[in-house]
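[1] using only what follows, build the 3D model:
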Amino acid sequence: MKRGASLAVLAVVLIAGGVWLLLSDDEMTPGADAPTTASPSSPSATARPADDNTATRETDEELARQLELRRSRSGIADGGTLDGAVAEFSFDAGMLDDLARGQILAWLRDNAEVAAKRVDDYCKATKGLVDPRDAKPPSRERDAALFMAGRSDWEDGRFGLLHLTPALTERMNNPPGAWRKMGPELYAGLDFSWMKALLQFETWSLATASPLRDVAEMTNFFEAPIPNYVTLQHWAKLRLLKGLHENDLANASLEVRHLAELIGTNGILVGDMIRIALFGIERAFYEEHGIATPPAMTQNDAMRRRHAAFAAMDFLLPGVDGATREKAMKCIPNRCSALMEGMGAAASLRGIAPGAADQLQWLRGQEQCDSELADLAMKSKPMDPKRLFDSVGDRSLEKSMNALMATLDGGN
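    Below is the predicted model of the structure:
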């Protein structure tokens, strides 16, 4: 889903220029206003202590790589709109030179060995995080897809009804966190009724009605357009601020948390991360104003879920033996997105990694949270060979597992 390389082996795409995405447990802040602009942003030293943690910083950089690859593949000029179908591309596995193929296969072999050794640790670390509701198929009767399709900004450059002006987002971001202390003039003229209307929905499927559905079958699963979640985060911040000013924080939190939960049903890793980030935005806002309220998710649980989600991808890569894979599946908290990411990885590696096609079929045979999205992943085109070559690098299951195990001691 234009998540470009959210899977481990395809994940390490080097970014030229500034990274606009800095996701921490506190908040996810873009360094630019328009969806197609990239520039750095500076995190607040007091509001974001987790950024000093190496493992947390690595997951931040990983998500940034995903979004950078999405943009570079879209073929859309900054601020432009998609005016036609994304061009189909294909390649022969023989185009990969021996070095690139060797790197990919060696990475997968190493990953499989680590997976077999660490799967019990993974299940220990995620105990208590697995929620049976995560596997509940979405209800098409209460799907927000049509409601959000024309409202959301999208990562292919098109703007929706909820698009915010660069002047507003620039003011919110400079300095980071300053929005928490600003006045009503910040959101003057904005209509927040859509957030209350969202309460009627219980899921948001990207396969029902979205730009992703329009082009997913013609490109790689990780490069089809997804919502611009940064815009939605800005709206969540403004809703909390408005709730504070109008003594309506209970309803503001209800709406922000529900938005987070709906994003979490998108069925992709980035959606999972944004859900966690929105809970962190709310928690930091309450702390900033000295308001005591039980958080939707503690900081430690947020970090544990983040590291668990990244590790989950590696347990579902081609090459991992069946027993390890099945044991891991029972322990993965983000089961819905893990299945989609795993299917996208296997589809991208067809013709390159032995067993990738079988792995894809096995994943599709699992109980799906969103069958239509799974079907789109099944039809994904292989990843461009140069992307595959460049992607083998600095991420590893061992790193993710070490970061995850550290959270059991209260670390980040």
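[2] below-threshold pLDDT in this structure: ranges please.
    Along the chain, segments meeting pLDDT under 70 span 1-99, 131-140, 214-218, 384-394, 410-412.
[3] quick one, helices of the stretch 101-250 of the chain?
    Taking DSSP state H, counting those that start in this stretch as the test, the helices found in the stretch 101-250 of the chain are 145-149, 166-173, 193-197, 211-215, 229-245, 249-264.
[4] out of these, nearest to S348?
    helix 211-215 (16.2 Å; C-beta to C-beta). (Each C-beta comes from the backbone N, C-alpha and C, glycine too.)
[5] before we move on, back to that, okay if I get the helices of the stretch 101-250 of the chain as CSV plus distance to A296?
    Shown next, in CSV, are the helices of the stretch 101-250 of the chain (distance: least, C-beta to C-beta, whole Å):
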stretch, distance to A296
helix 145-149, 21
helix 166-173, 22
helix 193-197, 16
helix 211-215, 27
helix 229-245, 12
helix 249-264, 5
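[6] got JSON lines for those, with distance to L278 and mean neighbour count too?
    As requested, these are exported to JSON lines (distance: least, C-beta to C-beta, whole Å; neighbours: other C-beta atoms under 10 Å):
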{"stretch": "helix 145-149", "distance to L278": "15", "mean neighbour count": "18"}
{"stretch": "helix 166-173", "distance to L278": "15", "mean neighbour count": "16"}
{"stretch": "helix 193-197", "distance to L278": "12", "mean neighbour count": "14"}
{"stretch": "helix 211-215", "distance to L278": "21", "mean neighbour count": "21"}
{"stretch": "helix 229-245", "distance to L278": "6", "mean neighbour count": "22"}
{"stretch": "helix 249-264", "distance to L278": "4", "mean neighbour count": "20"}
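[7] which residues in the stretch 251-400 of the chain form strands?
    Shown for the stretch 251-400 of the chain, no strands are assigned by DSSP state E, counting those that start in this stretch.
[8] how about the contacts made by R213?
    Counting by C-beta atoms under 8 Å, 6 or more residues apart in numbering, R213 touches 206-207, 376.
[9] just those residues now: which is nearest G365?
    L376 (16.3 Å).
[10] go ahead and confirm the closest one touches A207.
    Yes: counting by C-beta atoms under 8 Å, A207 is a contact partner of L376 at 5.8 Å.
[11] count of neighbours near F285?
    Per other C-beta atoms under 10 Å, the neighbour tally for F285 reads 25.
[12] for R118, same thing?
    R118: 24 surrounding residues under other C-beta under 10 Å.
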